[in-house]
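Asks: okay, predicted coordinates and the sequence, questions at the end:
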Amino acid sequence: MTTLPGRQRRFVLGLAVVAVPLVLALLGPLFVGDPGPRATSFTLGGDHWLGTDFVGRDVWQQVLLGGRTVVVTALAATALAYLVAVPVALISALTRLRWLEELLMRPLDVLLAVPSLLLILLVASVLSPGAAGLALLVALVNVPDAARIVRAAAGEAAARPAVEALRMQGETWWRIAVGYVGRSALRTLAADAGIRLTGVLYLVSTAAFLGVGVTPDAADWAVMVDRNRTGLLVQPWAVVVPALLIVALTMGTNLLFDAALEKKGRRP
Amino acid sequence: MKRAPKGRGELRDLPPWRRTRQPAFRGTSFVARRLLLGAAQTVAVVLLVFALTEALPGDAAVALAGDQPDPARIAAIREAMDLDRPAYERLADWATGLLHGDFGTSLASGRPVTQYIADGFGPTLVLAALTLALLVPLGFGLGVLAARHEGRLVDRLVSSVTLAVYAVPEFALGVLLVTVLALKLAWLPPTAVGYGTDLLGHPAALVLPVLVLLSRPVCSLSRLVRAGMVDALASPYAAHAHRYGVPGARVRYAHALPNALAPAVQQLARTVDWLLCGVIVVEALFVIPGLGTVLLNAVAERDVPVVQGLAVVFGVLTVVLNLGADLVAHKLTPRAGVVA
């Protein structure tokens, strides 16, 4: 290990930290056996390797089941955010109509001021969003910032003489926007995606901890932390294991992307 | 945060008659434009809060009745919220009420919303003030420390720890700290249960909440300060000052630090968003009866007027703090051309 340069060493470290929760989250549900009868709440030992949770379910089974929602919701939310942000950014970077650009970008500037968790809680006070609703909400709060970053990168590319040349050659808007400007902004997009995924993971798990987008007895690491807190004194594993997995997941993702994106146009 | 350069910084230093290359808003100063944006954001917060909670499609009263769709209850909610009147009239009434400090009354208890806010204000203020008071010296201290020892063990240690902790949700970190420090070692109380709103009388109960609340902002702030300081210390003017025999401490604090300040001040404002998320989570985790707990209870009870009132308070606070930080950052570096 000592022969590796610092960046690679951190990459390996990040990979190692993130691997455990990621493998558990993605493959865990395949290895869950029969749930079996419910035992007493908050017991240790016996047939249950990690004891039982607040309603007497096996903690290890819940751990195996509980990562998928966090990871999948976070990935879906990140993808959705870019699905909206990238077209908006490309259109506003390439349009020569000033009013259109203002119309697209100004509302986002205004939206940036609203705290993200507040927005999610506001909606949760009226509706009960499911996992899909939560992904949609988290995506929504990420659109303004993502659009601004992509817009800045695309704006720089759109001002290049090459774009003028493409226009004069009569290339289609699509070809210019996706083939040239979009591709030039790709590196910034990749750097931003790493940072955004970390933020989205944070937001998704925090919302689940506060009970948004999940059922009260859902098999979800964040929900497990919340619901099993009452038995922390008698049965700490039901809280500590999912909490550690969330810590490893977010920490590892951040370390991994930081090492991977170093010296490749990282956002200042 | 990357911002598109607006190309107006260098013009600012010229006498007015030579400022020929003006951007879109000719003649308006940065401060005026930023204030305008702040006002727009305040209006947007009020509109958004109303739209998200009351103007959703479908019958709001049925949605709010939730698990108990009892006709009498639905009728009561409709009556209390004036849902029979058109949305714009309700919005106008509510907004004028806000201007006069009237936030409406709770659906659940009939008490005025302002009373809820007054009740929860104290503990939240204590938490926020303590966190901010510790955040600034800690963030700057760690950042300067890492920059001084750039590339050496101290720097690598500070940099990796801040990078790692930066992304961890407060609730996961908090619960682990509680398990180790409060339950296994019994050094600190695990929650603030039983202390009511008198938190300052029980400093031990405040240690863990403030520690958890500090975790993310300290990391982001110290990373920014470190980056700014490394750049500033490597600059020609710092080298020149060294050559003149200016003491190292003076170069660091009098010459380099001010240049690392502007991005950090802006980050301080962005952390308001994090602090807000953090306060809500930390109050839930440690059972502190502050604004965050009031908000979460109101969300759980679907007590819309209380949720609206608190959302407006939180939202406007964020707008104002962001505005203040942008103005300070602009004052510190007029060349950088911050937002708006």
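Replies: Yep, that arrived.

Asks: CA atoms for contacts and neighbours, from now on please.
Replies: Will do.

Asks: biggest helix in the chain by residues?
Replies: Using chain A here. Secondary structure assigned by DSSP state H gives helix A:59-94 as the longest helix of chain A.

Asks: right idea, wrong chain: chain B
Replies: In chain B, ranked by residue count with DSSP H as the criterion, the top helix is helix B:113-148.

Asks: and A:G170, how many neighbours?
Replies: For A:G170, the tally of surrounding residues (other Cα atoms under 10 Å in any protein chain shown) stands at 10.

Asks: so is the longest helix of chain B next to chain A?
Replies: No. Applying Cα under 8 Å from any Cα of the partner chain, one finds helix B:113-148 separated from chain A by no less than 15.5 Å.

Asks: so what secondary structure elements neighbour that helix?
Replies: helix B:153-166, helix B:203-233, helix B:257-286, helix B:291-301, helix B:304-332 (3 or more Cα pairs under 8 Å, 6 or more residues apart in numbering or on different chains; DSSP states H and E).

Asks: buried ones in that helix?
Replies: Neighbour counts over helix B:113-148 (16 or more other Cα atoms under 10 Å in any protein chain shown) mark B:113-114, B:116-117, B:119-124, B:126-128, B:131-132, B:135-136, B:138-148 as buried.

Asks: please name the nearest non-neighbouring residue to B:D273.
Replies: Nearest-residue entry for B:D273: A:P115, 5.2 Å, with adjacent residues in sequence omitted and distances by Cα to Cα, 6 or more residues apart in numbering or on different chains.

Asks: test my guess that that neighbour contacts B:T318.
Replies: Yes. The pair A:P115 / B:T318 is scored as a contact, 7.3 Å apart, by Cα atoms under 8 Å.

Asks: gap between A:T95 and chain B?
Replies: According to Cα to the nearest Cα, to the nearest Å, A:T95 stands 16 Å off from chain B.

Asks: got phi/psi on that residue?
Replies: In terms of degrees, to the nearest 10, the main-chain angles of A:T95 are phi -70, psi 150.

Asks: how close does it sit to A:M105?
Replies: 12 Å (Cα to Cα, to the nearest Å).

Asks: which one's more surrounded, these two?
Replies: Neighbour comparison, A:T95 and A:M105: the larger count goes to A:M105, with 19 against 13 (by other Cα under 10 Å).

Asks: and the helix or strand that contains the more buried one, what other elements does it pack with?
Replies: Assigned by DSSP states H and E, A:M105 falls within helix A:98-111. If you count contacts as 3+ Cα pairs under 8 Å, 6+ apart, helix A:98-111 packs onto helix A:59-94, helix A:131-158, helix B:30-54.

Asks: quick check: angle from that helix to helix A:131-158?
Replies: If you take axes from the mean of the first three to the mean of the last three Cα atoms, to 10 degrees, helix A:98-111 sits at 130 degrees to helix A:131-158.

Asks: so how far is helix A:98-111 off the chain centroid?
Replies: 25 Å (Cα atoms, centre = their mean, to the nearest Å).

Asks: same check on stretch B:110-119?
Replies: Its chain's C-alpha centre and that of stretch B:110-119 lie 23 Å apart, by Cα atoms, centre = their mean.

Asks: contacts for it?
Replies: The contact list for stretch B:110-119, computed with Cα atoms under 8 Å, 6 or more residues apart in numbering or on different chains, reads B:101-106, B:290-291, B:294, B:305-306, B:309-310.

Asks: counting neighbours, which of these comes out on top?
Replies: Most neighbours among those, by other Cα under 10 Å: B:V306, with 29 neighbours.

Asks: just the pLDDT at that one, thanks.
Replies: The per-residue pLDDT reported for B:V306 equals 85.

Asks: contact partners for it?
Replies: Taking Cα under 8 Å, 6+ apart, we find B:V306 in contact with B:F103, B:G104, B:T105, B:S106, B:V113, B:Y116, B:L295, B:A298.

Asks: much appreciated, bye for now.
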